[in-house]
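Participant: Build the 3D model from these lines:
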Amino acid sequence: MTVAEPYRLLREEMVEFQLAARGIRDERVLKAMREVPRERFVDLLYLSRAYDDSALPIGWGQTISQPYMVAVMTEALELKGDETVLEIGTGSGYQAAVLARLARRVFTIERIEPLAARARGLFEETGIRNVMVRSSDGTQGWPEEAPFDGIIVTAAAPAVPLPLVQQLAEGGRIVVPVGDLAFQELVIGRMEGGRLATRVSTGCVFVPLIGRFGWKEE
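Facilitator: Numbering: from 1, shown residues only. Got it, this is the predicted structure:
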C-alpha cells in the first residue's frame, strides 16, 4: 500500500458517509471532494484527523471547514464548469481547491497574509493553476475581476456584504453564513433581474468575517 492509499480510502469514506449519506447529490461536487487531498491542507498537528467530520484549527484563529459544510456551500453554487467564482476567506485553501475542479477560474481573498502565502504554495504543489490569491479585505470583494458567477463566503457575516452583491453577475449565486458571532444560517442568494433573491439554508458556526462590511477587528 502506498503512502497516499490510506488517505484515498478515508476520502472515499468521507464522501460516502459524511456527504452522500447526508443529502449531497451533485455528482461533480462529490467527485471533486473525492479527488482533493484534504490531508495536504490541514495543520500537521491534526493530520490524523484530516477526514474527521469537523472543522480543524489552521492557525491565526482560523479553521478548515467541516467537509460536509464545504460540500453544502459548494453544491449551493450549482456550478457547471465554465464559471468565474470568488471566494472570501481562503484559509487553508481547501475550499478553493474544490472549487478549482468545478469552475473555470477561482479568485480567493485571505486577509491574513501568511495563510494566503501558504495557500499559494499548496496550489502550486498540487498542480492547481486556475486559482488566484489576494491578501486584502474580502468584504470589499475583487471589483476589477467582477462580475462573478458565484461567490462563496467562508466566514460569518452580520449581513450579506453589499459590495459582494454588487459584484454578482445576473443569474449568479452567492452563499454566506449570516448571523451573530455565536451562530449563523447559510443565506443562499441568486441575482434575478438586478435584485438578490435569497433563502435560508442550514445552521452553522464560522469564524467572524473581519472587514469594512463585516465585523470590526478587536
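Participant: contacts, neighbours, all on C-alpha from now
Facilitator: Will do.
Participant: what's the closest residue in space to Ile88 that isn't next to it in sequence in contact with, if anything?
Facilitator: Spatial nearest neighbour of Ile88, chain neighbours left out: Val153 (4.7 Å); criterion: C-alpha to C-alpha, 6 or more residues apart in numbering. Contacts for Val153 (C-alpha atoms under 8 Å, 6 or more residues apart in numbering) come out as 87-89, 174-177.
Participant: can I get the residues you listed in JSON lines with pLDDT?
Facilitator: Below are those laid out as JSON lines (pLDDT from 0 to 100):
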{"residue": "Glu87", "pLDDT": "98"}
{"residue": "Ile88", "pLDDT": "98"}
{"residue": "Gly89", "pLDDT": "98"}
{"residue": "Ile174", "pLDDT": "98"}
{"residue": "Val175", "pLDDT": "98"}
{"residue": "Val176", "pLDDT": "98"}
{"residue": "Pro177", "pLDDT": "98"}
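Participant: Among those, which ones are in helices?
Facilitator: With helices defined by DSSP state H, no entry of those lies inside them.
Participant: Out of these, who's the most crowded?
Facilitator: Of all the contacts of Val153, the highest neighbour tally under other C-alpha atoms under 10 Å goes to Pro177, namely 31 neighbours.
Participant: For the nearest residue to that one once chain neighbours are set aside, identify the helix or strand it belongs to.
Facilitator: The shortest distance from Pro177 to any residue that is not its chain neighbour, by C-alpha to C-alpha, 6+ apart, is 4.3 Å, and that residue is Leu186. Secondary structure from DSSP states H and E places Leu186 in strand 184-192.
Participant: What strands line up against that strand, and which way round?
Facilitator: Partners of strand 184-192 in the sheet, by DSSP bridges, are strand 168-179 (antiparallel), strand 195-204 (antiparallel).
Participant: starting at the chain centroid, how far to the shortest one?
Facilitator: Computed by C-alpha atoms, centre = their mean, to the nearest Å, the chain-centroid distance of strand 195-204 equals 16 Å.
Participant: quick one, what contacts the most centrally placed residue in the chain?
Facilitator: Taking C-alpha atoms, centre = their mean, the centroid of the chain lies closest to Gln95, which sits 3.8 Å from it. For Gln95, the set of contacting residues under the criterion of C-alpha under 8 Å, 6+ apart consists of Val70.
Participant: Now whatever helix or strand it lives in - C-alpha only, PDB.
Facilitator: Remark: Gln95 resides in helix 94-100, with elements defined by DSSP H and E. Provided in PDB are the C-alpha atoms of helix 94-100 (Å, rounded to 0.1, in the frame of the first residue of the first chain):
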ATOM      1  CA  TYR A  94      -9.100  23.600   0.700                       C
ATOM      2  CA  GLN A  95     -12.400  25.100  -0.400                       C
ATOM      3  CA  ALA A  96     -10.700  26.900  -3.300                       C
ATOM      4  CA  ALA A  97      -9.100  23.600  -4.300                       C
ATOM      5  CA  VAL A  98     -12.500  22.000  -4.500                       C
ATOM      6  CA  LEU A  99     -13.900  25.000  -6.500                       C
ATOM      7  CA  ALA A 100     -11.000  24.800  -8.900                       C
END
